[in-house]
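Visitor: with the sequence up front, the predicted model follows.
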Amino acid sequence: MKDARHKNIMFYLKGHWQLYVLLLIPLAFALLFKYGSMFGLVIAFKDYKIVKGFWDSQWVGFDVFKKVFGMRDFSLAVRNTLLLNSLTLIVGFPMPIILALLLNEIKNKYYKKVTQTLLYLPHFLSFVIIGAIAYQIFGLNSGIVNNLIENAGGTRIPFLQKDTQWLITYVLITVWQSMGWGTIVYLAAITSVNPELYEAATVDGANRFRKIWHITLPGIKATVITLLIMNLGKIMSGSFESVFALRNVATTKYTTTIPILIYQLGITGGKFSESTAIGLFQSVIALILVLAADWIAKRLGEEGLI
Amino acid sequence: MSNQTKLSARAANGIADTLIYLFIGIVALSCLFPFIHVFAKSISEEAYVIANKVFLLPKGFSTEAYKKVFSDSSILTSFYVSVVVTILFTALGMLITLCAAYPLSRKSLKGRKTLTMIFMFTMYFTGGIIPEYLLMNSLGLLDTWAVMILPLAFSPYNLMIMKTSLQSSIPDSLIESAHLDGASEFTILSRIVIPLSKPIIATLSLFYAVGRWNAYQDALFYIKQNVSLRPLQLKLYYLVVSSTESFQAAVEGSAQLTNPEVLKAACIIFATVPILCIYPFIQKYFVQGTMVGSVKE
């Protein structure tokens, strides 16, 4: 019996060994760069000293975590990560849905195509460019918006130079950057709604708003729920590039998110054990949230994510 | 319905239409105006920019700022670094993606589930910033070309899209019959699978290329000492966003431009134009790829 199975496998490999050879290349990259870096996580449980290296540094158990959890900057970073993500979610989640519903109402093909092309544009630009442009637009002394405000007789607003204003500007910019691209999934979902439903509703005398409310929205409900759960699962993940490109020395209250703190503490400050512990804490929470989101989505009868 | 209600319904419809067109138009223009403004600034005469007089149309005309940008060798070097890195990274990324996606798309592959799990797990859990940094350090990759090409070349997200696409576009029977004809897996991949998957290969190449062109986080972490290896986005960050670096010509004292705003604007346009030029052509591939990514088997 065992022999027969062995023979089977050998026969299979003889025909298909090349598939495994192909897989060696991606496996090597995944193991070296993705799994390889996971070994470095042990230094969250060690008092890592560069001169001693990974192996010879002293084990300290959860001491690093205890130290990190007591840091003022740590709780600040966790709060800021959750704050920025939830504000972006609250403001940014409905926007693509609204835009998609309205785009769907536009019957002029060219108008639709041109506006869509413009709406997708910010998605293709780096956050450095977006950050640089943001300062050209919202800068205090020479930004165009403040120039217009002053021309109209108002006083200049520190959009990016004061904490609260920065927070609002940041949320608006990130929402602006992603809203157009976000419509794609919804527009695709809308095309799968049965057109007979609209015809029947027209016969019944339903106006446009009622058709959107009673046919289109229920038609894309599944997509909306899946994406909402998926986004809730990402609430603990930090976005480094967007915050880093928009922050400045004047605004530190909300810009210290977890990845920014890790960067300052670890790469700039050389405190590798502490910053690794913070990163591990975030990764574990983020993983749990994603798994929970997947479980809930499947529970609700939607497609899972994993 | 009476004629009158029909008419008023039509009028209401027309008003709604106008409002929708107007709203979408305004939002779409909000995505265009920032660039027009920065462009106008970049070709305006400096005095007008300093006086905050430039809005959507340039005032005066001067290409002085662009001359500065093109005579700054460090900006041109950064551009060159970005181009080379993007090309090599895209080629390597596609090689890895194809080598993983084709075997995993074969339902008969033994160990398919486990291998897929190994690849996909990296989408949800990673070592994180510091362990990755230390790994690059111990591999001796800091301040090298390779650090911007190798580590991110394996992308589980792109792999998933490729795999889904291969499964839906290439019938099993086609591969089985090629197999029966004695074709090796390498032949099947190069003669059947790749020619049949040109659209998705184009799409994912663009995902890789645009992603690489735009990213600056890894370069910020890994390129520290060797400043001539800074890619364009990182150079732009130091030059324009954090303003910790000045323009070469300005340092040499040959500058006629005293205000950095015009130069910054020219720099932004310089870095944006490559994307703007190819954007209209690549947009549809991106839309398709995103759709494949959102549909699971």
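Guide: All right, it came through fine. All values reported here derive from a predicted model rather than from experimental measurement.
Visitor: use CA for all of it now, contacts and neighbours both
Guide: Noted.
Visitor: what residues does the one residue in the stretch 151-297 of chain B that gets nearest to chain A make contact with?
Guide: Relative to chain A, the nearest point of the stretch 151-297 of chain B is B:N214 (4.5 Å; Cα to the nearest Cα). Contact analysis of B:N214 by Cα atoms under 8 Å, 6 or more residues apart in numbering or on different chains lists A:L125, A:S126, A:F127, B:Q233.
Visitor: ditto for A:S283
Guide: A:S283 neighbours (Cα under 8 Å, 6+ apart): A:S237, B:F125, B:T126, B:G128.
Visitor: now, which of those residues lie within strands?
Guide: Within the contacts of A:S283, no residue falls in strands by DSSP state E.
Visitor: before we move on, back to that, make a markdown table out of the contacts of B:N214 and add secondary structure and pLDDT.
Guide: A markdown table is the format used below for these (DSSP: H, G, I helix; E, B strand; the rest coil; pLDDT from 0 to 100):
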| residue | secondary structure | pLDDT |
| --- | --- | --- |
| A:L125 | coil | 92 |
| A:S126 | coil | 94 |
| A:F127 | helix | 95 |
| B:Q233 | helix | 95 |
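Visitor: name the nearest of the residues you listed relative to A:G92.
Guide: A:F127 (17.1 Å; Cα to Cα).
Visitor: skip the chain neighbours and tell me the closest residue to that closest one.
Guide: A:S242 (5.5 Å; Cα to Cα, 6 or more residues apart in numbering or on different chains).
Visitor: so the one you found, which state does it fall into?
Guide: Following DSSP: H, G, I helix; E, B strand; the rest coil, A:S242 is assigned to helix.
Visitor: for it, what are its contacts?
Guide: So A:S242 contacts A:F127, A:V128, A:G131, A:T174 (Cα under 8 Å, 6+ apart).
Visitor: quick check, the second one in contact with A:A245.
Guide: So the one you mean is A:V128. Yes: using Cα atoms under 8 Å, A:V128 is in contact with A:A245, at 5.5 Å.
Visitor: comparing these two, which residue is more hemmed in?
Guide: A:V128 (28 against 20; other Cα atoms under 10 Å in any protein chain shown).
Visitor: look up how far B:Q233 lies from the more buried one.
Guide: Taking Cα to Cα, to the nearest Å as the measure, A:V128 falls 6 Å from B:Q233.
Visitor: what of A:I235?
Guide: 27 Å.
Visitor: find the closest residue to chain A in the stretch 1-150 of chain B.
Guide: For the stretch 1-150 of chain B, Cα to the nearest Cα, closest residue to chain A: B:G127, 4.2 Å.
Visitor: element containing the closest residue in space to that residue that isn't next to it in sequence?
Guide: Excluding the flanking residues, the one nearest B:G127 by Cα to Cα, 6+ apart is A:M38, at 4.2 Å. In the assignment (DSSP states H and E), A:M38 maps to helix A:36-39.
Visitor: ok, now A:V64?
Guide: Going by DSSP H and E, A:V64 is in helix A:63-69.
Visitor: name the SS class of the closest residue to B:T116 other than its chain neighbours, please.
Guide: Counting by Cα to Cα, 6+ apart, B:T116 lies nearest to B:L104, which is 7.0 Å off, once chain neighbours are set aside. Under three-state DSSP, B:L104 falls in the helix class.
Visitor: and B:L104, how far is that from B:I118?
Guide: For B:L104, the distance to B:I118 - Cα to Cα - is 12 Å.
Visitor: ok, B:K107 next?
Guide: Taken as Cα to Cα, the span from B:K107 to B:I118 is 17 Å.
Visitor: number of residues surrounding the nearest residue to B:T63 once chain neighbours are set aside?
Guide: In this structure, B:T63 finds its nearest non-sequential neighbour in B:I43, 5.7 Å apart by Cα to Cα, 6+ apart. For B:I43, the count of nearby residues is 23 (other Cα under 10 Å).
Visitor: who's in contact with B:I43?
Guide: So B:I43 contacts B:P58, B:G60, B:F61, B:S62, B:T63, B:E64, B:A65, B:V262, B:A266 (Cα under 8 Å, 6+ apart).
Visitor: three-state assignment of B:Q225?
Guide: coil.
Visitor: burial count for it?
Guide: 10.
Visitor: could you find the closest non-adjacent residue to it?
Guide: Here the residue nearest B:Q225, using Cα to Cα, 6+ apart, is B:D143, at 6.6 Å.
Visitor: next one: A:W166
Guide: A:L160 (4.5 Å).
Visitor: mind checking how far the one you found is from chain B?
Guide: As defined by Cα to the nearest Cα, to the nearest Å, A:L160 lies at a distance of 12 Å from chain B.
Visitor: tell me, how many residues neighbour that residue?
Guide: 23.
Visitor: right, and it touches A:L172 too?
Guide: No: with contacts counted by Cα under 8 Å, A:L160 stays clear of A:L172, the gap being 11.8 Å.
Visitor: what about B:L104 and B:I118, which has more around it?
Guide: Set B:L104 next to B:I118 and count neighbours by other Cα under 10 Å: B:L104 wins out with 27 against 16.
Visitor: got a list of what the more buried one touches?
Guide: B:L104 touches B:R112, B:L115, B:T116, B:K163, counting by Cα under 8 Å, 6+ apart.
Visitor: and the residue lying closest to the last one once chain neighbours are set aside, how many neighbours?
Guide: Nearest-residue entry for B:K163: B:A101, 4.7 Å, with adjacent residues in sequence omitted and distances by Cα to Cα, 6+ apart. Under the neighbour criterion other Cα under 10 Å, B:A101 is assigned a count of 26.
Visitor: swap in the one 5 residues further on?
Guide: Neighbour count for B:R106, taken as other Cα under 10 Å: 16.
Visitor: center of chain B, which residue is that?
Guide: B:V210 (2.1 Å; Cα atoms, centre = their mean).
Visitor: helices or strands next to the host helix or strand of B:Y66 in the packing?
Guide: According to DSSP H and E, B:Y66 maps onto helix B:64-71. If contacts are counted by 3 or more Cα pairs under 8 Å, 6 or more residues apart in numbering or on different chains; DSSP states H and E, helix B:64-71 sits against helix B:260-294.
Visitor: could you rerun that using 6 Å?
Guide: Contacts defined by 3 or more Cα pairs under 6 Å, 6 or more residues apart in numbering or on different chains; DSSP states H and E place helix B:64-71 against no helix or strand at all.
Visitor: not counting that helix itself, show me its contacts.
Guide: Contacts of helix B:64-71 with the rest of the structure, by Cα atoms under 6 Å, 6 or more residues apart in numbering or on different chains, involve B:L263, B:A266.
Visitor: average model confidence for it?
Guide: What helix B:64-71 shows for mean pLDDT is 90.
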